[in-house]
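**Q** missing the sequence, but the structure's below:
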């Protein structure tokens with residue numbers, strides 16, 4: 001007797017889709033915009049958000065990047081973003097801006113700050 005060669009798929013976790021949808025709406029992104037960033041179809045984003053389809057790991061990573069969160073948050077609901085709350089809002093705005101020039105200036109500033117505060121770490 002031949003074994004069934006069909007792939008066994010894990011059922012989608014509806015909580016992942018709920019988190020993706022909630023973050024997308026909070027960021028005021030459309031499903032079309034998120035789909036473009038994830039490099040998937042709008043239909044797939046909709047299916048994931050409704051808990052009908054699962055995301056590949058690659059698409060999940062792209063979703064996390066687009067939604068400014070960790071994969072841990074999308075999968076497990078663990079808010080590993082809480083470290084951001086320690087930063088002043090201006091720093092968070094720079095990080096969220098995706099403006100490479102501003103981010104590099106911030107990195108330079110933080111490097112100088114660390115050297116001044118902790119000279120023994122040089």
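**A** Noted; the coordinates are in hand. None of these values were measured; they are calculated from a predicted model.

**Q** which strands and helices sit next to the helix-or-strand element of the chain with minimal mean pLDDT?
**A** Of all regular secondary-structure elements in the chain, judged by mean pLDDT, DSSP states H and E, the least confident is helix 89-97 with a mean of 78. Where contact means 3 or more Cβ pairs under 8 Å, 6 or more residues apart in numbering; DSSP states H and E, helix 89-97 is packed against helix 100-117. Glycine gets a C-beta too; all of them are placed from N, C-alpha and C.

**Q** the helix it packs on packs against which elements?
**A** Using 3+ Cβ pairs under 8 Å, 6+ apart as the contact criterion, the neighbours of helix 100-117 among helices and strands are helix 89-97.

**Q** buried residues in the helix it packs on, which are they?
**A** Applying a neighbour-count criterion of 16 or more other Cβ atoms under 10 Å, one finds residue 94 buried in helix 89-97.

**Q** go on, stretch 47-59?
**A** By neighbour count on 16+ other Cβ under 10 Å, the buried set for stretch 47-59 is 47, 48, 49, 51, 53, 54, 55, 59.

**Q** what does the model give the nearest residue to the third one once chain neighbours are set aside for pLDDT?
**A** Spatially, and ignoring its direct neighbours in sequence, residue 49 is nearest to residue 21 (3.9 Å; Cβ to Cβ, 6 or more residues apart in numbering). Per-residue confidence (pLDDT) for residue 21: 96.

**Q** which element is residue 21 on?
**A** Under the assignment given by DSSP states H and E, the secondary-structure element containing residue 21 is helix 14-26.

**Q** how is the protein carved up into domains?
**A** By the assignment in automatic domain parsing, the chain contains the domains 14-79, 86-121.

**Q** distance between the longest one and the chain's centre?
**A** The reference is to domain 14-79. Distance of domain 14-79 from the chain centroid (Cα atoms, centre = their mean, to the nearest Å) equals 8 Å.
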